[in-house]
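S.K.: Requesting a structural model of the entry that follows:
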Amino acid sequence: MARGMSTSCVGCGRGIPAERAELGYTYCTAPACQAAHRRGPTVTAVAVNKSGDAYRVAEPDEIAARAAAGEFGAKNTGLGTGHEDVPRVPAPRRPRPRQAARREAPTWTPAQENVVRLYAEMGLSPRQIVERARRNTPRLGITEALVVRVLSAPRR
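M.R.: As a prediction, the model looks like this:
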């Protein structure tokens, strides 16, 4: 141990561990001696809403002064408390954008559409398409009105 270092606590007179004395401490780790002789910054945890704590390192007096000034308080405490009746001005009406025409679901089956388009690509008229469809695929029930609707509609 170096010269001039005390091995007894300045507060209570108990012995100080050699490691503590080498670090320059003159008081022991008893709570009463710590409270009386400890100097230096304090680490303070400040609770923050919905996140981890924020830590501040400062002297205890500075932390107390900052807390008293409201630095660590909630920042939104005044929001929504003013219940003044504010006159409302109606928003100007804007014309609604035109909605695209709704596509109605086709009233025919894919098999009907295939037969009608096949015969139309062969160059047959709607009446001829109906005659040929009745002869070759009578179960599909293709009519002239159905042929016109299928040929007028966009391809699926």
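S.K.: which residues in the chain form strands?
M.R.: Ranges of strands in the chain, per DSSP state E, are 42-46, 54-58.
S.K.: okay if I get those as a markdown table plus mean pLDDT, mean neighbour count and distance to P92?
M.R.: Where you see a C-beta, it was placed from the backbone N, CA and C, and this is true even at glycine. Shown next, in a markdown table, are these (pLDDT from 0 to 100; neighbours: other CB atoms under 10 Å; distance: least, CB to CB, whole Å):
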| stretch | mean pLDDT | mean neighbour count | distance to P92 |
| --- | --- | --- | --- |
| strand 42-46 | 75 | 13 | 47 |
| strand 54-58 | 75 | 12 | 46 |
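S.K.: what's the domain layout of the chain?
M.R.: In the domain annotation for the chain, the residue ranges read 1-39, 40-71, 110-152 (automatic domain parsing).
S.K.: how much space is there between T7 and T26?
M.R.: 10 Å (CB to CB, to the nearest Å).
S.K.: quick one, which of these two is more surrounded?
M.R.: T26 (16 against 13; other CB atoms under 10 Å).
S.K.: list the contacts for that one?
M.R.: 6, 9-10, 16, 37 (CB atoms under 8 Å, 6 or more residues apart in numbering).
S.K.: Going by distance to R98, which of those wins?
M.R.: Distance to R98 across the contacts of T26 (CB to CB) is lowest for H37, with 82.4 Å.
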